[in-house]
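>>> Fold the following and give me the result.
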Amino acid sequence: MDRRNSFNSGLLGLLLLSGQALADPPNRLEFTLDNGLHVVVSEDRRAPVVTTHLLVKVGSSHEYPGQSGLSHALEHLLYRGSAKTAPGEFSQIIEGLGGEDNAYTNRDFTVHHQTLPSERLAVALELNADLLKGAHLSDTEFTREIEAVRSERREKVDEYPSARLNEQLQAIAYPQSSYRTPVIGWMSDLERMRNDELQAWYRTWYAPNNASLIVVGDVQPAAVKLQVEQYFAGIARQTLPRTKRPLQTAAAGPRQVTLYDEFSRPRLVMALNVPTYATAASASDVHALRLLGAVLGKGLSARLSTRLERQQTLLFSPKVSYGAFARGDTLFEIAAYTNTAQPKPLSELQDAIWAQLQSLKNAPPSAAELARARTALLAESIFSQDTLAGQADDIADLLGSGLPVSHLNNDKNDLEQITPDQVQQVAKHYFTAERLAVAFLQAKEAEDE
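Modelled structure (predicted):
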């Protein structure tokens, strides 16, 4: 989750680079310091700008029961004073140089990122090194910042029925996996969180051998290596806790949760337990799942839109999501609202969507349909490379999943190798009732029916 919503219009103009994809693989240097810090430097000279991402491999899936929200709360508190900066000064320094900074936490990792003129890269490196080991984490700033985190939860989760619905769905969809823990934390845990817990969390996880530094932009990789060594080499490595991938290996059986809200449009979310690139026995299954997501939900020709939204006016704004990059098993999700013009019961909407999943099990998609899906996926991948931050985010997703940066080098060829019959077989294997969790958002009056 974002720590702040800072914005610099001048810098944004530099970041909205050419829509043309990078024709050749970037000039990239990858190395590891003696203390374990993993570094990836990727050269992109289209504008005199550089983006830095400090990725620390700790997120909500590492947290224990009763201590949810530690990683996200720590992300906030790290900017409230350190060995080299006063509270809030980190951002003031970056913004004073014409740049912008932010941070986010997810289930697997935390990222602290900055974008600024490339001639000022050394400033970002020095600040990140200080952030990695120099944070003060004072009691006074904890009291201030934990209330900001609680307020963020109230505003972004508790007051939004769709966000609460998603949180409840995650809880039932992952009965065996720590991915059930919300990134922002349960409010009951935030209310009893203590600063000494955050201090211990920082000492435990913020170490160079549990971090990656990603540098993308107008740089010379060899020169960046010397700078990284200057600022980070003196930080000592440390012993880390042993971790295991969050797996949801068994089909848990059909699960369902219903949330009632008087003012909400009825909404349905269907989630199926599936693997990622990091957990699948065969990468081809993940290629096929990505293609299935595109067949169902990407573009004007997607099945849910053409077969349900337009023809039957049964659903509104269907969305299919599948994140193939995570260090554990994940969900293949389909979400939709009922169409207000012709409202239908959510159970009928669920049946209609399920029928579309079954159709992919009964017959493979056509070659033309699969080609459209492949094109949509590759276009999405190319567009993500259009900004420095997009390139760095893609690298972060790979490293945070425990995958090499080279993983997607052959993505076009890998997708092209998947046949319609393979897509059908993967649909048969994963689109089953035993893997399904369903969440309903109903109007308040439906509770009494």
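
>>> Quick check, central residue of this protein?
By C-alpha atoms, centre = their mean, the chain has its centre lying nearest to residue 106, at 5.9 Å.

>>> the strands in the stretch 101-250 of the chain, which residues?
Ranges of strands in the stretch 101-250 of the chain, per DSSP state E, counting those that start in this stretch, are 110-117, 211-217.

>>> Adding mean neighbour count and distance to residue 169 as columns, could you present these in JSON lines?
In this view, the C-beta of every residue, glycine as well, is placed from N, C-alpha and C. Formatted as JSON lines, the strands of the stretch 101-250 of the chain follow (neighbours: other C-beta atoms under 10 Å; distance: least, C-beta to C-beta, whole Å):
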{"stretch": "strand 110-117", "mean neighbour count": "24", "distance to residue 169": "23"}
{"stretch": "strand 211-217", "mean neighbour count": "26", "distance to residue 169": "30"}
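
>>> Of the ones you listed, which is nearest residue 287?
strand 211-217 (25.0 Å; C-beta to C-beta).

>>> what residues does that closest one touch?
Strand 211-217 has contacts (C-beta atoms under 8 Å, 6 or more residues apart in numbering) with 37-44, 47, 49-57, 118, 121, 125, 128, 132, 224, 228, 232, 388, 391-392, 395-396, 399.

>>> Among those, which lie within helices?
Within these, residues falling in helices by DSSP state H are 121, 125, 128, 132, 224, 228, 232, 388, 391-392, 395-396, 399.

>>> what's the helix or strand encompassing residue 383 in contact with?
Assessed by DSSP states H and E, residue 383 sits inside helix 367-384. Residues outside helix 367-384 that contact it (C-beta under 8 Å, 6+ apart): 19, 21, 290-291, 294-295, 298-299, 301, 365, 390-391, 393-394, 408, 411-412, 415-416, 418, 420, 423.

>>> Leaving out sequence neighbours, find the closest residue to the residue nearest to the centre of the chain.
In space, residue 106 comes closest to residue 59 once its chain neighbours are excluded; the distance is 5.3 Å by C-beta to C-beta, 6 or more residues apart in numbering.

>>> what's the burial count for the one you found?
By the criterion of other C-beta atoms under 10 Å, residue 59 has 27 neighbours.

>>> ok so, going back, who wins on neighbours among the ones in helices among the contacts of strand 211-217?
Neighbour count (other C-beta under 10 Å) singles out residue 388 as the most crowded of the ones in helices among the contacts of strand 211-217, with 27 neighbours.

>>> Nearest residue to it in space, please, no chain neighbours.
Nearest in space to residue 388, with sequence neighbours left out and distances taken as C-beta to C-beta, 6+ apart, is residue 51 at 4.0 Å.

>>> wait, what's in contact with the one you found?
Neighbouring residues of residue 51 by C-beta under 8 Å, 6+ apart: 113, 114, 115, 214, 215, 216, 217, 388, 389, 391, 392.

>>> again, but for residue 400
55, 57, 106, 108, 109, 325, 327.

>>> If you rank these by neighbours, which is first?
residue 108 leads the contacts of residue 400 on contacts (other C-beta under 10 Å) with 27 neighbours.

>>> Identify the residues contacting that one.
Residue 108 makes contacts with 57, 59, 61, 326, 327, 328, 400, 401, as judged by C-beta under 8 Å, 6+ apart.

>>> now with 7 Å?
Residues in contact with residue 108, defined by C-beta atoms under 7 Å, 6 or more residues apart in numbering, are 59, 61, 326, 327, 400, 401.

>>> before we move on, what about residue 363?
residue 424.

>>> same check, this time on residue 150
With contact set as C-beta under 7 Å, 6+ apart, residue 150 has these partners: 187, 190.

>>> now residue 274
Counted by C-beta under 7 Å, 6+ apart, residue 274 has contacts 289, 329, 330, 331, 332, 430.

>>> Find the pair from the contacts of residue 51 with maximum spatial separation.
114 and 391, at 14.6 Å, using C-beta to C-beta across the contacts of residue 51.

>>> Next, find the distance separating residue 67 from residue 188.
11 Å (C-beta to C-beta, to the nearest Å).

>>> Got the domain ranges for this protein?
Structural domains annotated on the chain: 9-232, 255-448, as defined by automatic domain parsing.

>>> Now the buried members of the contacts of helix 367-384.
290-291, 294-295, 298, 365, 390-391, 393-394, 408, 415, 418, 420, 423 (16 or more other C-beta atoms under 10 Å).

>>> Among those, which ones are in strands?
Counting by DSSP state E, no part of those is found in strands.

>>> Just give me the least confident of those.
In terms of pLDDT, residue 408 ranks lowest among the buried ones among the contacts of helix 367-384, with 82.

>>> quick one, phi psi at the closest residue to residue 179 other than its chain neighbours?
In this structure, residue 179 finds its nearest non-sequential neighbour in residue 246, 4.9 Å apart by C-beta to C-beta, 6+ apart. Main-chain torsions, residue 246, degrees, to the nearest 10: phi -80, psi 100.

>>> Could you measure from residue 246 over to residue 62?
Taking C-beta to C-beta, one finds residue 246 at 9 Å from residue 62.

>>> Then residue 287?
Distance from residue 287 to residue 62, counting by C-beta to C-beta: 29 Å.
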